[in-house]
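> give me the fold of what follows.
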Amino acid sequence: MSAKGLFTFHPMRASSLGVLVAQVVCAVLLCFPSAINAQENVAASRRNAIVTAIEKVAASVVTINVVGYERVQTADPFFDNFMGLFDFAPGMTRTKKKAVEGIGTGFVFDQQGHILTNYHVLQNADHFSSVTLADGRNLDVEVVGTDERTDIAVLKAKTDTPLPYAVLGNSDDLYIGEWVIAIGNPFGSMITDPQPSVSVGVVSANHRRVKREVGGGDRLYQDMIQTDAAINPGNSGGPLVNAEGVVVGINTMLFSQSGGYQGIGFAIPSNRARKVAQEIIQFGRRRNPWFGFHGKAVEEMNAYSLRELQIQSRSGVVVTEILKISPAYIAGLQLGDVIEEVNGYPVQYPQDIDFINWDLFCGDSVRLSIDRQGIKKEVRFSVSEIRAE
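Purely as a prediction, here's the structure:
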């Protein structure tokens, strides 16, 4: 049989085969853009708003190591050899210093190298052992000023080299449920590299008013941001950052029965921190305006005093002393007035008024809702610092 007889040429079949090949090639080519787009989408999902927010702020975060000294009583070494068989007479013991190390976090927040942190990070410190940036640089710092009541301290780096700094945002603009990132150093000496750690959560609640007892009655833990981002010991003073990469709070405290993270952390709002920092930088201290009066809870007064002052309110704070040069007195507040609300907040005890006062700044407006012998009135004034001459 000839070769010609072995093969039969069919023009239509060849054309169909070409079409099929072309379709396969086109299908393969069409798959390439989809694969490329999928890879791009994965890359974009990895580099999300949280990642970029951390990159904006992390470089400004500092680890603060402090050392404080406690005085402890020790026995004379001669008697130590007798394994505690002796009771020590007066003068047979001696005092020595015991170093206690502490760790916290802070962050640079302006071009001048000012650093924000919590007051309680420095509270028992005698000196800084180190203040370290995320890139490993050690900073020489000085304390500009502190405010125990708001638990805020301002440091300043002694350097002419520009430092990376974070931007303080508007804490009044927070949404319940929006993402936030806590940045700090909860590990202390367990980790040798200086980079901070991050934890992510949401704003669980805003404007939280924590009981006075939590801060021992001396700290203004009011109007706080609550978050479930992990805040652990060592995170104190670090920034709480939103998805835009601006600082909305200073990580300050956690509620925990075990001492570890349980999903309830609190941060000082950035708007308060900014105001306190500005006061400290400008005046070297936080100016504390005083209302200029003292009072006593209605429920703690005896029946005779209530009758004599013609007090009809069942709750509130009775004005028992008032300074005649105070703005409150000038605005018309009188002895025997019962203060029921301050700026819309109900008050029952004098400490309630103190807490509201601590959150104010010189020049802020105050509105007192009072009861004067059964007649409801309002007294309005602006607070100013009252200092003894």
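> export stretch 149-162 as PDB, just CAs?
Coordinates of the C-alpha atoms in stretch 149-162 are reproduced here as PDB (Å, rounded to 0.1, in the frame of the first residue of the first chain):
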ATOM      1  CA  ARG A 149      -4.000  62.200  89.400                       C
ATOM      2  CA  THR A 150      -4.300  61.600  85.600                       C
ATOM      3  CA  ASP A 151      -1.400  59.100  85.700                       C
ATOM      4  CA  ILE A 152       0.500  60.800  83.000                       C
ATOM      5  CA  ALA A 153       4.200  61.700  82.800                       C
ATOM      6  CA  VAL A 154       6.200  63.600  80.100                       C
ATOM      7  CA  LEU A 155       9.900  62.900  79.400                       C
ATOM      8  CA  LYS A 156      12.200  64.500  76.900                       C
ATOM      9  CA  ALA A 157      15.000  63.000  74.900                       C
ATOM     10  CA  LYS A 158      18.300  64.900  75.200                       C
ATOM     11  CA  THR A 159      19.200  64.700  71.500                       C
ATOM     12  CA  ASP A 160      19.400  67.000  68.500                       C
ATOM     13  CA  THR A 161      18.800  64.000  66.200                       C
ATOM     14  CA  PRO A 162      15.200  63.900  64.900                       C
END
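> so how far is that stretch from its chain's centroid?
Going by CA atoms, centre = their mean, to the nearest Å, the spacing between the C-alpha centre of stretch 149-162 and its chain's C-alpha centre is 15 Å.
> now swap in stretch 344-355 and tell me
Distance, stretch centre to chain centre, for stretch 344-355: 23 Å (CA atoms, centre = their mean).
> in the protein, which residue is most central in space?
The residue lying closest to the centre of the chain (CA atoms, centre = their mean) is Ile250, at 2.1 Å.
> compute the number of surrounding residues for the closest residue to that residue other than its chain neighbours.
In space, Ile250 comes closest to Ile268 once its chain neighbours are excluded; the distance is 4.5 Å by CB to CB, 6 or more residues apart in numbering. For the C-beta atoms, the positions are set from N, CA and C on the backbone; glycine is no exception. Neighbours of Ile268 under the rule other CB atoms under 10 Å: 27.
> doesn't Ile268 belong to a helix?
No: if the criterion is DSSP: H, G, I helix; E, B strand; the rest coil, then Ile268 is strand and not within a helix.
> can you verify my assumption that it contacts Thr252?
Yes: under the criterion of CB atoms under 8 Å, Ile268 lies in contact with Thr252, with a separation of 5.3 Å.
> what do these two both touch?
Shared contacts of Ile268 and Thr252, defined by CB atoms under 8 Å, 6 or more residues apart in numbering, comprise 118, 151, 224.
> could you dump the residues you listed to a markdown table with distance to Cys362?
Written out in a markdown table, the entries for the shared contacts of Ile268 and Thr252 read as follows (distance: CB to CB, whole Å):
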| residue | distance to Cys362 |
| --- | --- |
| Asn118 | 23 |
| Asp151 | 20 |
| Met224 | 23 |
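> related to what we said a few turns ago, where does the residue nearest to Ile250 land on pLDDT?
According to the predicted model, the pLDDT of Ile268 comes to 95.
> follow-up on the earlier one: now name the helix or strand holding the residue nearest to the centre of the chain.
Applying DSSP states H and E as the criterion places Ile250 in strand 247-254.
> next one: Ile339
Applying DSSP H and E, one finds Ile339 within strand 338-342.
> what is that strand packed up against?
Taking 3 or more CB pairs under 8 Å, 6 or more residues apart in numbering; DSSP states H and E as the contact definition, the neighbouring helices and strands of strand 338-342 are strand 317-322, helix 350-358, strand 365-372.
> fine, thanks again, bye for now.
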